[in-house]
Structures are given as C-alpha cells and as structure tokens.
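# Structure for the following, please:
(one chain, ligands or ions: 2)
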Amino acid sequence: TGSTRPQRLLKAVQKNASRGDPQSVISAIDRFCHSSEWAMNVGDEKGVILDSVVCEVSPGCALELGTYCGYSTVRIGRLLPPGAKLITLEFNPDYAKVARQVIDFAGLQEKVLLVEGPSGDLIPKMKEQYGITTFDLVFLDHWKDRYLPDTKLLEECGLLRKGSILLADNVICPGTPDYLAYVRSSPRYESKYFKSHLEYTKVEDGLEKSIFLG
Ligand SMILES: O=C(NCc1cccc(CNc2ccc3[nH]ncc3c2)c1)c1cc(-c2ccc(F)cc2)cc(O)c1O
Ligand SMILES: [Mg+2]
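Ligands and ions are numbered 1, 2, ... in the order given. The predicted model follows:
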C-alpha cells in the first residue's frame, strides 16, 4: 500500500538532512513542504517567531501539545539550554512513530520526551508521572478546540507559574476563537498577537503569546 505524507516527509529528512544536525532537519522539512507537499508544520516564517520566544524564555521545562512530525519539537529542542527538557504530546500513533524518528535523526532524544495520548488525560499526570512542577513554556499546536480546555486544565493542575508563557499556533487559520477571547479578556493573562502567515502559504495566520500572571 502507499506511503503517508508523514512517511514521505521522514524520507525527505533521511535523504536531505545530516544526522545530529537539527538545522538541516528543519531545512529539509521546509524544502519538502515548499516544493513537494504542504504539511501542517509551524513552518519557517512562524518558526522564526517561535525561535525568538524560546530564546527569550530559555525554558528549563517546556510542553508541546501536538507533535505531528516533530518539526516544531526540533525547532524548540535545538534551542533549549543544557539540562532543559521538552515534553511533547501526540495522540495519533502514526504521527508519533514518524516524529520519534525525526527527533532521533536530529539528535535531540536526550532533551525531548514524546508521550503518546490525549492531552486531557496526560496533563493531570504531569506532576506525578513526569516529576514536573511547572512549565516555563507551553506551545499549543494540537486540535484547535482543545486549546481552551487544556489551558484551563493546566491552570487547575497548578502547572503554570507567574510568568509562564503560552504560545499558540493557528489563532487565525484554522482559528481558535474561544481560546483567543479567553486569554485576551482574562485578567490572569497578558496577551500579544504576532501576525504572520499560514505555513508555506500567503494566507494570514499568527501566533498568540500569553504570559500567565498567576
Ligand atoms: O489542525 C491542526 N493541527 C492539529 C491536528 C490536526 C490533525 C491531527 C492532529 C493529531 N494530533 C493531536 C490531536 C489531539 C491531541 N491532544 N493532545 C495531543 C494531541 C495531538 C492534530 C492544524 C491545521 C492547519 C491547517 C489545515 C488545513 C488548512 F487548510 C489550513 C490550516 C494548520 C496547522 O498549523 C495546524 O496545526
Ligand atoms: Mg499548527
């Protein structure tokens, strides 16, 4: 039977990137998506904004909701300070299978823990199962209707501290209206929109950066 898009993306990484070189993995995926097949990675344009937030926060402990093929996982992982950890949650086993190989190819397996399952079940287990106190940075990129409930869950589970940063992809396209309304109206958040474009297209999209005020 035929291959899937994630499998073809992985082949492009194995063919065009250098093992242990995260930047070459990022470039290989972007080249694949620009010239061969569109895929829902955060992409190069929004990726530069993601990079700048990761560098500014320099998180000791980060969470990614929605791994897909591991593109943003590699973008974040390559910028983590020594000893820092990124936990990334993926519900789809086929995506997880590809992402593990992309993360390993980039040489980031020591910094990244990929956990398979739905965020709603896994977030309440973060403290007891993974020894997390609080997350310094959360990158939201999974099902768009899960951004708001999972943000509330992170609050309720005491996984956010004064100054924790939430960075949300796709707040315009496909859009996350209930999440945007919440972080922009809640007194517990200071929110800012970074205008950009939907990965590999000219369609408007952007990232919303929200600081939890405690
Ligand atoms: O929908 C999107 N991404 C999320 C997503 C989508 C499918 C499957 C999964 C399965 N992974 C998953 C699910 C639930 C989960 N719970 N906890 C972890 C977890 C993990 C995740 C998306 C769409 C577009 C887009 C598409 C088409 C178009 F025209 C314009 C834009 C662009 C993006 O950048 C996007 O990020
Ligand atoms: Mg996205």
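
# and the residue nearest to T67 when sequence neighbours are not counted, how far is that from A168?
Among residues not flanking T67 along the chain, E90 sits closest, at 3.7 Å (CB to CB, 6 or more residues apart in numbering). Every C-beta, even on glycine, is put in place using the N, C-alpha and C of the backbone. E90 is 17 Å from A168, where distance means CB to CB, to the nearest Å.

# Tell me how far the closest residue to ligand 2 within the chain lies from ligand 1.
Ligand 2 sits closest to D169 of the chain, with a gap of 3.7 Å, by CB to the ion. The gap separating D169 from ligand 1 is 5 Å, by CB to the nearest ligand atom, to the nearest Å.

# so what's that residue up against?
Counting by CB atoms under 8 Å, 6 or more residues apart in numbering, D169 makes contact with 42, 46, 72, 139-141, 205, 207.

# Turn the residues you listed into JSON lines, including neighbour count.
Output for these, formatted as JSON lines (neighbours: other CB atoms under 10 Å):
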{"residue": "V42", "neighbour count": "25"}
{"residue": "K46", "neighbour count": "24"}
{"residue": "S72", "neighbour count": "26"}
{"residue": "F139", "neighbour count": "28"}
{"residue": "L140", "neighbour count": "28"}
{"residue": "D141", "neighbour count": "25"}
{"residue": "D205", "neighbour count": "21"}
{"residue": "L207", "neighbour count": "23"}
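
# Could you give the bridge partners of K85?
On the basis of DSSP bridges, K85 takes part in beta bridges with C61.

# does the residue nearest to T67 really touch G66, like I thought?
Yes - judged on CB atoms under 8 Å, E90 makes contact with G66 at a distance of 6.9 Å.
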